[in-house]
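>>> just need the structure, nothing else, for what follows:
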Amino acid sequence: MWETPSYSLIIPLTCLIMAGKIHAQCEKPLVGEESALMWNFPEESTVAFTCSTGYRPVDSGASNSITCKEKQWTTLDLQCKKKSCGNPGEVSNGKYSIPDGIEFGATITVQCNEGYAVFGPKTRTCQENGWDGKPAVYELLKCLPPPAIQNGVFEPEDESYGYNDAVSYSCSRGYTLIGESTIVCSANGTFQHPPQCL
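As a prediction, this is how the structure comes out:
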């Protein structure tokens, strides 16, 4: 007496049919948008599902399979939801903009505090195993040296100037300073316009 074979499959939201002795396994065949696959499953066939990449079961104890019984499939208990990458962490002198949450596929963007610049990638994406890349590194902005002026000097003369550093100008004897005597390294990496000595 012949018995109908049972079928057991593990699939990422697609189905694979296995019958007889298996020496190799094919992936689901590709079909065009205008056509669909048609399959018949014998009584007691079982199809198992798994969550797609970036998703996890809502209930780890839920059944992930359905069975063909009396021409009807049993109910699939497995439900999947996006994995969370968790808080990307605190950063000094800046923060992350998180417009779309912290779940799989979401992208966050670096925002610096005024006077700081970010070095390295400005975005991170939530992937299957967590946030890609490394936490952002923020450094104080540097300014080009203050501009020299005719008939005047500035102080202090330093090797480098950072955000909000100030220098003061003075004129040679016999010249009058026109404009602000003190200028500051601004957030765009340059000093404000210097005064003149006339």
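>>> show which residue of the protein lies farthest from the average position.
residue 174 (60.4 Å; C-alpha atoms, centre = their mean).
>>> and the gap between that one and residue 197?
9 Å (C-beta to C-beta, to the nearest Å). Every C-beta, even on glycine, is put in place using the N, C-alpha and C of the backbone.
>>> try residue 102
Taking C-beta to C-beta, one finds residue 102 at 56 Å from residue 197.
>>> ditto for residue 107
Counting by C-beta to C-beta - residue 107 and residue 197 are separated by 52 Å.
>>> do residue 149 as well
For residue 149, the distance to residue 197 - C-beta to C-beta - is 6 Å.
>>> which neighbours do the two have in common?
Here residue 149 and residue 197 share the contacting residues residue 169, scored by C-beta atoms under 8 Å, 6 or more residues apart in numbering.
>>> show the subsequent helix or strand relative to the worst-scoring helix or strand of the chain on mean pLDDT.
When the helices and strands of the chain are compared on mean pLDDT, DSSP states H and E, strand 10-11 comes out lowest with a mean of 38. Using DSSP states H and E, the helix or strand that follows strand 10-11 in sequence is strand 46-49.
>>> same for that following strand, what does it pack against?
In terms of contacts (3 or more C-beta pairs under 8 Å, 6 or more residues apart in numbering; DSSP states H and E), strand 46-49 is packed against strand 10-11, strand 65-69.
>>> just the ones you listed: most buried one?
The highest mean neighbour count among the helices and strands packed on strand 46-49, using mean count of other C-beta atoms under 10 Å, belongs to strand 65-69: a mean of 16.
>>> which residues are contacting it?
Against strand 65-69 from outside (C-beta under 8 Å, 6+ apart): 8, 41-49, 73-76.
>>> what strands line up against the next helix or strand after that strand, and which way round?
Heading C-terminal from strand 65-69, the first helix or strand you meet, by DSSP H and E, is strand 72-73. Sheet pairing for strand 72-73, assigned by DSSP bridges, gives strand 65-69 (antiparallel).
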